[in-house]
Structure formats: structure tokens, C-alpha cells
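Enquirer: Got a sequence here, can you build the structure:
(one chain, ligands or ions: 1)
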Amino acid sequence: MPATIIDGKAFAARVRTQVAGHVTRLKQDHGITPGLAVVLVGEDPASQVYVRSKGKQTVEVGMKSVEHKLDAQTSEADLLAVIDRLNKDPEIHGILVQLPLPGHLDEDLVINSIAPEKDVDGFHISNVGLLGTGQKSMVPCTPLGCLMMLRDHHGSLSGMEAVVIGRSNIVGKPMAQLLLGDSCTVTIAHSRTKDLPEVVRRADIVVAAVGRPEMVPGDWIKPGATVIDVGINRLDAPEKGEGKTLLVGDVDYESCAAVAGAITPVPGGVGPMTIACLLANTVTACCRANSLSEPEGLTA
Ligand code: GUN
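Expert: Numbering: from 1, shown residues only. The predicted structure follows:
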């Protein structure tokens with residue numbers, strides 16, 4: 001039987017509709033408009049695209065969007081001063097500092113200067129610790145999106161074998177914590193893992209988050225397993241025309257889809273869920289800041 005394609009684009013649209021509903025209620029019933037501030041330092045083209053997209057989608061769900069674009073030479077003190085003002089601004093419920101930062105800025109220091117309750121990326125050390133100990137936290141957007149899709153597809157994940165390939169702070173580690181929180185048996189595999197194919201073949205759930213194009217072939221996948229592909233890799237595609245590129249994931253889609261029970265495509269899988277979850281986190285942060293009940297289904 002061919003694999004079910006998990007449609008992240010459609011799922012993200014549903015999440016945005018839910019978020020917009022909560023925003024409407026917050027405005028009508030409480031006179032509160034959730035606000036998200038995005039800070040971009042420098043002119044990295046990919047970051048500029050992301051930031052524009054975040055701003056547009058924030059406005060589309062009815063929230064307030066603030067963008068701080070600082071030049072690449074901005075000093076750490078000036079950046080920290082911007083974050084401090086946003087921390088104290090009652091109209092701002094979520095703050096995101098776009099990564100990577102220029103080399104002269106200490107990313108850990110900058111991220112840890114964001115008020116943890118406004119850290120909608122879930123990268124602050126307090127949120128990392130809260131997630132790791134199973135307490136209420138802000139959860140990183142990409143793993144949260146993966147978890148939502150997995151829960152939607154499977155219902156309960158309890159007892160399933162999950163293998164996360166990749167150990168980044170942004171995806172691999174928080175993904176593993178979330179799967180553990182849903183009672184999976186979790187393995188984190190990485191570049192030094194011995195006999196990676198055998199490890200992956202054990203998995204009922206495979207999450208590939210390594211940033212290496214098409215590195216997981218179909219013969220690593222247990223028949224019927226669910227494959228979540230976090231990779232977004234741009235390859236040159238001269239066969240499509242001069243200067244053309246092709247987006248591929250970290251798994252070889254054709255061969256994995258032939259064996260898997262369900263799979264996320266690239267593009268249109270995990271990618272669209274990241275910004276949808278950022279909006280969800282901003283509504284969650286706004287509800288918490290105002291001691292209101294949290295939106296159901298939008299948190300871990
Ligand atoms: N750069 C690439 N992905 C992300 C992300 O999820 N959050 C932030 N802040 N920067 C990024």
C-alpha cells in the first residue's frame with residue numbers, strides 16, 4: 001500500500017485558522033491583541049525571506065507584528081537593549097531573534113536575554129530545562145509541528161520506537177524530549193552512531209533532521225513506519241533550466257515512500273508547520289501572560 005502523505009501545508013493552514021479564532025476571542029472578550037516581535041540582525045537573504053513570511057502570517061491571523069531590522073555591525077549592547085525594551089513592552093507577547101547571528105554576537109547570551117515567557121522559539125535555557133523535566137514551557141516550533149502531525153496521524157504515540165536522526169538544539173534534542181514526553185522509546189542518532197541503518201530500521205517513527213540531502217534511503221525504513229522529514233536542502237537542478245534549484249529533504253522520498261506507512265513531503269511537509277507553530281506559541285504566551293486558559297491542541 002502506498003504511504004499516506006502527511007500534508008503539512010494543509011495542517012499548517014488548519015493551525016493558523018485555530019490561532020486566528022483564539023486571536024479573535026482575545027480581542028473581543030478581553031481587549032488583548034497578541035503581539036510578536038522579530039529581530040533580524042544583518043542582511044542574510046534566507047533570513048530576510050523567513051522574517052518577511054513570519055511578519056505576513058502574523059498579520060494574517062490578526063496579531064500585531066513588529067520587526068526590528070538592525071545592521072550587521074550592531075553591537076551586542078545595542079541588540080541587548082532592543083531585547084530589553086521588548087521584554088518590558090506589555091503589547092509584545094513573543095520575541096524571536098532570527099538565527100544565525102553575525103559572528104561577533106554571542107548567540108547563547110542573546111537568546112538567554114529574552115524573557116523566558118516571551119521566548120516563542122523555546123531556545124532560552126529555562127525553556128530547555130523545563131521541557132527536559134516535563135514542565136510547562138515554550139516548545140521549539142519545528143519539533144512542536146512534527147509532534148502535532150504525529151499525534152494527528154497516530155492518536156497515541158505511547159510505546160512506539162522513535163529514532164531522531166540529528167542532535168541539534170533547535171530540532172533533534174527537543175524533538176527527542178517531546179517524543180519521550182509522549183511515552184515513545186527514543187533513540188537520538190547522529191554522525192557518530194554505529195550502524196545507523198540498523199538503528200533506523202527499528203523505528204516506528206523516524207524523524208530526520210540532519211541537513212544532508214536525501215541521506216536516508218528506503219531500505220533503512222521499517223515497512224509501515226512513519227517518516228518525518230525535517231530537511232530543507234536546495235540542490236542545483238540544471239536539468240530544469242539554468243540557475244534552477246530543487247528542494248529536497250533529508251530522506252530519499254521515492255524509496256522511503258515506497259516502504260513507509262506515512263511520510264511528510266518536501267516541500268509541503270514540516271516546513272509550513274514551523275511558522276504556524278510560532279503563531280501558536282505567541283497565542284499561548286499571550287494567554288499565559290494574561291492568566292487565561294491556554295488554547296487547546298496548540299501546545300505540547
Ligand atoms: N533560523 C532558522 N530556523 C530558525 C528558528 O526556528 N528560529 C530562529 N530564531 N532562527 C532560525
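
Enquirer: For the ligand, what's its nearest residue on the chain.
Expert: Nearest residue of the chain to the ligand: residue 99, at 3.6 Å (C-beta to the nearest ligand atom). Glycine gets a C-beta too; all of them are placed from N, C-alpha and C.

Enquirer: Pull out the buried residues from the helix with the most length in the chain.
Expert: Using DSSP state H, we find that the single longest helix of the chain is helix 8-30. Judged by neighbour count (16 or more other C-beta atoms under 10 Å), helix 8-30 contains these buried residues: 8, 11, 12, 15, 16, 18, 19, 20, 22, 23, 26.

Enquirer: With stretch 266-273 instead?
Expert: 266, 268, 269, 270, 271, 272, 273.

Enquirer: Return the subset of the residues you listed lying in helices.
Expert: Members of those lying in helices (criterion: DSSP H): 270, 271, 272, 273.

Enquirer: so which of those residues are also by the ligand?
Expert: Among those, no residue lies close to the ligand (C-beta under 6 Å from any ligand atom).

Enquirer: if we can go back for a sec, return the member of the buried residues of stretch 266-273 nearest to residue 76.
Expert: residue 271 (31.1 Å; C-beta to C-beta).

Enquirer: Distance-wise, check the closest residue to that closest one other than its chain neighbours relative to residue 208.
Expert: Nearest residue to residue 271, sequence neighbours excluded (C-beta to C-beta, 6 or more residues apart in numbering): residue 232, at 5.9 Å. According to C-beta to C-beta, to the nearest Å, residue 232 and residue 208 sit 11 Å apart.

Enquirer: still on that earlier bit, tell me which residues touch the residue of the chain closest to the ligand, please.
Expert: Contacts for residue 99 (C-beta atoms under 8 Å, 6 or more residues apart in numbering) come out as 107, 170.

Enquirer: a helix runs through it, doesn't it?
Expert: No - per DSSP: H, G, I helix; E, B strand; the rest coil, residue 99 lies outside any helix segment and is coil.

Enquirer: What residue, apart from its backbone neighbours, is nearest the spatially most central residue of the chain spatially?
Expert: For the chain, residue 142 is the residue whose C-alpha lies nearest the centre (C-alpha atoms, centre = their mean; 1.5 Å). Nearest residue to residue 142 in three dimensions, chain neighbours excluded: residue 274, at 4.8 Å (C-beta to C-beta, 6+ apart).

Enquirer: Kindly state the pLDDT recorded for the one you found?
Expert: For residue 274, the model assigns a pLDDT of 98.

Enquirer: thinking again about what came up before, so which strand or helix has the residue nearest to the centre of the chain?
Expert: Using DSSP states H and E, the element containing residue 142 is helix 141-154.

Enquirer: following that helix, which helix or strand shows up next?
Expert: Next along the chain after helix 141-154, taking DSSP H and E as the criterion, comes strand 161-165.

Enquirer: Any idea how far that following strand is from the middle of the chain?
Expert: 17 Å (C-alpha atoms, centre = their mean, to the nearest Å).

Enquirer: by how many degrees do it and helix 141-154 diverge?
Expert: Strand 161-165 runs at 150 degrees relative to helix 141-154, counting by axes from the mean of the first three to the mean of the last three C-alpha atoms, to 10 degrees.

Enquirer: what does the stretch 151-300 of the chain put close to the ligand?
Expert: residue 170.

Enquirer: Report the contact partners of residue 12.
Expert: So residue 12 contacts 145, 272, 273, 275, 276 (C-beta under 8 Å, 6+ apart).
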